[in-house]
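S.K.: just coords:
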């Protein structure tokens, strides 16, 4: 799985120069290649389920707090290697005969884990699904035009699980017949898939296994530190949302009121370590523009631009500016990148067909030994990749059968989404899935969220005011699931191709991982839903994109009828600014464009606040200094440190949620405020 995008996903490549990615050559001593069935093992599936559960919890936590989901592929491959190696080593010491741990099994585990936790993002638990609930409806306001009480579906474990099962597998079948075209004929890079293959191949060499052991120990060390620190923080967090280190005015009380403070979160510092510098700086830049300049300026016009007596979450006041300006930035960035990726895709496909038809075939008899070895390795990879194919008839019949089931069941879950709208979505979905998969292969950018928003606006406007909100949000889920899963599968095919793994084992491990995710993602979300006050704009789990996605659906039906004064003009300005900034990033030289911010990342703090931007910037400063002091060490261990910080804080979420469900409150409230005058 590529950059997760997540999630709002941050569309920034993990690897900036895909042409410089080294060819991944497994060692000659890698031994016989296991049959595809032997690459999928019981121990691998058990490890996948455990890691999938942990990563689902981490993804939910990030989704429901800030919405930035870093790529956890490295952690999935590293922890998969660690768990199986530890298990086999223990059994060997006890005298049991164990099957060797191969790079193919490692690849299957990584694929399974990423497919599982990917559904915690594309399943909409922090966006379109939770946007349907009653709390989001009340937050926008019963009197807000287009926001109807009838358009409410509260989360339920049963219907959410059923929804995931009927939409999440379609993407797997939509592009399977094109795997040879995408991976072998067009030779698409899939930078994250290639990087994951390099990582897994290195693990299964003597020197790589030694480094992997050190990385695992580093990950374990920082996981322990993060877990202990999160537990320590809990004791001082009291009752309510004003106590503890999360509300420490590190930069002073004045800046604290404008959400500028460091909240000592290992998760966000870890995100800062793992995300590119430009993403972290863009988030901070967006926080400074919004909470440092724009919102204080607009607040000065309370009583003129909007009534001064409104609540902090009233869309006719400052809250409306926050939500709609964030939406305009997100849409501007998404539309620009969508057009860009489609243009690149068409151009590359035309160039590829031109090269194939026009270039003469030259056979050079004088091939040196090194070239001959590379050609033999290439043939070996091609042969293994094509050996266990997935028949086209199987993929086509699977897609048709799933479409028939989904078309019948979706209107039962979401009555406003009529069967013909579902069917129409599935007719055009494979084409969009191809565009997203091809674009991901070229740039490492998955635009699943953008395709979802297109589906949302189209269906919401077609259905109209009588049910358009629910229909649009459900259609967003259908589109996001298909295009996201298809891109993930193709990226996994690339990883499998480079690790000499069977295409069939890749398909079925993705299938099993998706099935796990359909169960684990709703269950882990339900833990949050029952333990915490999800959607409270003043609490830790704001679920910020629930409001944004519901407002998008209302916007598709009602337009901009109730926005406060000058809000629409500002939205147009920021929409155009997003287009211009992206254009500048593309047309300026690399030495200049590397300092131009990313609009999508800038938009995140507009609505949420600046505190997490401070945390992520601390992470990026640590990484920057580390790179200057010892670049080799930072390259080897920064991912492990970041993953440890994120995983440790994520693990603490489980006991924290259990304590909350049992109504066990922290014993101490550590409060920071202005001193009282005598």
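M.R.: That came through, no problem. What you see is a predicted model, and the numbers here were worked out from it, not measured in a lab.

S.K.: alpha carbons only for contacts and neighbour counts from here, please
M.R.: OK.

S.K.: quick one: the helices in the stretch 501-650 of the chain, in order.
M.R.: Using DSSP state H, counting those that start in this stretch, the helices of the stretch 501-650 of the chain run over residues 503-531, 544-558, 567-587, 590-593, 599-608, 611-629, 631-661.

S.K.: give me the number of residues near residue 152?
M.R.: Neighbours of residue 152 under the rule other CA atoms under 10 Å: 19.

S.K.: low-confidence ranges, the stretch 301-450 of the chain, go.
M.R.: 352-371, 373-374, 443, 445 (pLDDT under 70).

S.K.: which helices and strands does the lowest-mean-pLDDT helix or strand in the chain pack with?
M.R.: Least confident helix or strand, the chain: helix 369-387 with a mean of 75, by mean pLDDT, DSSP states H and E. Using 3 or more CA pairs under 8 Å, 6 or more residues apart in numbering; DSSP states H and E as the contact test, the elements touching helix 369-387 are helix 468-498.

S.K.: quick one, the helix it packs on and helix 503-531 angle?
M.R.: 140 degrees (axes from the mean of the first three to the mean of the last three CA atoms, to 10 degrees).

S.K.: quick one, helix 468-498 and helix 369-387 angle?
M.R.: 130 degrees.

S.K.: go through the least confident helix or strand of the chain and flag the buried ones.
M.R.: Within helix 369-387, the residues that count as buried by 16 or more other CA atoms under 10 Å are 381, 382, 384, 385, 386.

S.K.: could you do stretch 614-631 as well?
M.R.: Quick answer for stretch 614-631 (16+ other CA under 10 Å): 614, 615, 616, 617, 618, 619, 620, 621, 623, 626.

S.K.: so what touches it?
M.R.: Residues outside stretch 614-631 that contact it (CA atoms under 8 Å, 6 or more residues apart in numbering) are 260-265, 268-273, 275-277, 280-281, 284, 633-635, 638.

S.K.: tell me the contacts of residue 141?
M.R.: Here residue 141 is in contact with 147, 314 (criterion: CA under 8 Å, 6+ apart).

S.K.: just the pLDDT for it.
M.R.: On the pLDDT scale, residue 141 is placed at 86.

S.K.: just to revisit the earlier point, now, which of the buried residues of stretch 614-631 sits nearest residue 128?
M.R.: Lowest distance from residue 128 to the buried residues of stretch 614-631 (CA to CA) belongs to residue 616, with 25.7 Å.

S.K.: what helix or strand is the closest residue to that closest one other than its chain neighbours on?
M.R.: In space, and not counting its chain neighbours, residue 616 is closest to residue 272: 4.0 Å by CA to CA, 6 or more residues apart in numbering. Under the criterion DSSP states H and E, the helix or strand holding residue 272 is helix 266-274.

S.K.: which other helices and strands does that helix contact?
M.R.: Judged by 3+ CA pairs under 8 Å, 6+ apart, helix 266-274 is in contact with helix 611-629, helix 631-661.

S.K.: ok so, going back, for the residue nearest to residue 616, what are its contacts?
M.R.: Contacts of residue 272 by CA under 8 Å, 6+ apart are 280, 615, 616, 617, 618, 619, 620.

S.K.: how about TSV for these, with pLDDT and distance to residue 601 added?
M.R.: Formatted as TSV, the contacts of residue 272 follow (pLDDT from 0 to 100; distance: CA to CA, whole Å):
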residue	pLDDT	distance to residue 601
280	89	8
615	90	15
616	89	12
617	93	13
618	93	16
619	92	16
620	92	14
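
S.K.: make JSON lines out of those and add distance to residue 513.
M.R.: Formatted as JSON lines, the contacts of residue 272 follow (distance: CA to CA, whole Å):
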{"residue": "280", "distance to residue 513": "31"}
{"residue": "615", "distance to residue 513": "32"}
{"residue": "616", "distance to residue 513": "30"}
{"residue": "617", "distance to residue 513": "33"}
{"residue": "618", "distance to residue 513": "34"}
{"residue": "619", "distance to residue 513": "31"}
{"residue": "620", "distance to residue 513": "32"}
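
S.K.: ok, so of those residues, who is nearest residue 654?
M.R.: For the contacts of residue 272, the nearest to residue 654 is residue 615 (22.4 Å; CA to CA).

S.K.: residues contacting residue 552?
M.R.: Counting by CA under 8 Å, 6+ apart, residue 552 touches 327, 456, 457.

S.K.: distance of the last one from residue 473?
M.R.: Separation of residue 457 from residue 473 (CA to CA, to the nearest Å): 9 Å.

S.K.: residue 524 too?
M.R.: 22 Å.

S.K.: show the pLDDT at residue 102.
M.R.: 91.

S.K.: and the residue nearest to residue 568 when sequence neighbours are not counted, how many neighbours?
M.R.: Closest residue to residue 568 apart from its sequence neighbours, by CA to CA, 6+ apart: residue 560 at 7.3 Å. Residues lying near residue 560 (other CA under 10 Å) number 14.

S.K.: for residue 324, see how far away residue 560 is.
M.R.: Per CA to CA, residue 560 is found 10 Å from residue 324.

S.K.: which ones are touching the closest residue to residue 467 other than its chain neighbours?
M.R.: Nearest residue to residue 467, sequence neighbours excluded (CA to CA, 6+ apart): residue 416, at 5.1 Å. Contact analysis of residue 416 by CA under 8 Å, 6+ apart lists 463, 466, 467, 468, 470, 471.

S.K.: most neighbours of all these, which one?
M.R.: Highest neighbour count within those: residue 471, with 31 neighbours (other CA under 10 Å).

S.K.: okay, that one and residue 99: tell me how far apart.
M.R.: Distance, residue 471 to residue 99, by CA to CA: 50 Å.

S.K.: residue 79 too?
M.R.: Separation of residue 79 from residue 99 (CA to CA): 19 Å.

S.K.: who has more neighbours, those two?
M.R.: Neighbour comparison, residue 79 and residue 99: the larger count goes to residue 79, with 25 against 10 (by other CA under 10 Å).

S.K.: list the contacts for that one?
M.R.: So residue 79 contacts 51, 216 (CA under 8 Å, 6+ apart).

S.K.: tell me which element it falls in.
M.R.: Counting by DSSP H and E, residue 79 is found in helix 73-93.

S.K.: what inclination does that helix have with respect to helix 631-661?
M.R.: Going by the same axes, to 10 degrees, helix 73-93 makes 80 degrees with helix 631-661.

S.K.: can you tell me the average pLDDT over helix 73-93?
M.R.: Mean per-residue pLDDT for helix 73-93: 86.

S.K.: chain center to it, what's the gap?
M.R.: 25 Å (CA atoms, centre = their mean, to the nearest Å).

S.K.: and that helix, what's buried?
M.R.: Across helix 73-93, burial judged by 16+ other CA under 10 Å covers 73-85, 88.

S.K.: may I have the phi/psi pair for residue 262?
M.R.: Backbone torsions of residue 262, given as degrees, to the nearest 10, read phi -90, psi 120.

S.K.: tell me the contacts of it?
M.R.: Contacts of residue 262 (CA under 8 Å, 6+ apart): 246, 248, 249, 250, 251, 611, 612, 614, 615.

S.K.: quick revisit: dump the helices and strands packed on helix 266-274 to JSON lines, plus distance to residue 39.
M.R.: Shown next, in JSON lines, are these (distance: least, CA to CA, whole Å):
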{"stretch": "helix 611-629", "distance to residue 39": "37"}
{"stretch": "helix 631-661", "distance to residue 39": "26"}
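
S.K.: all good on my end, thank you.
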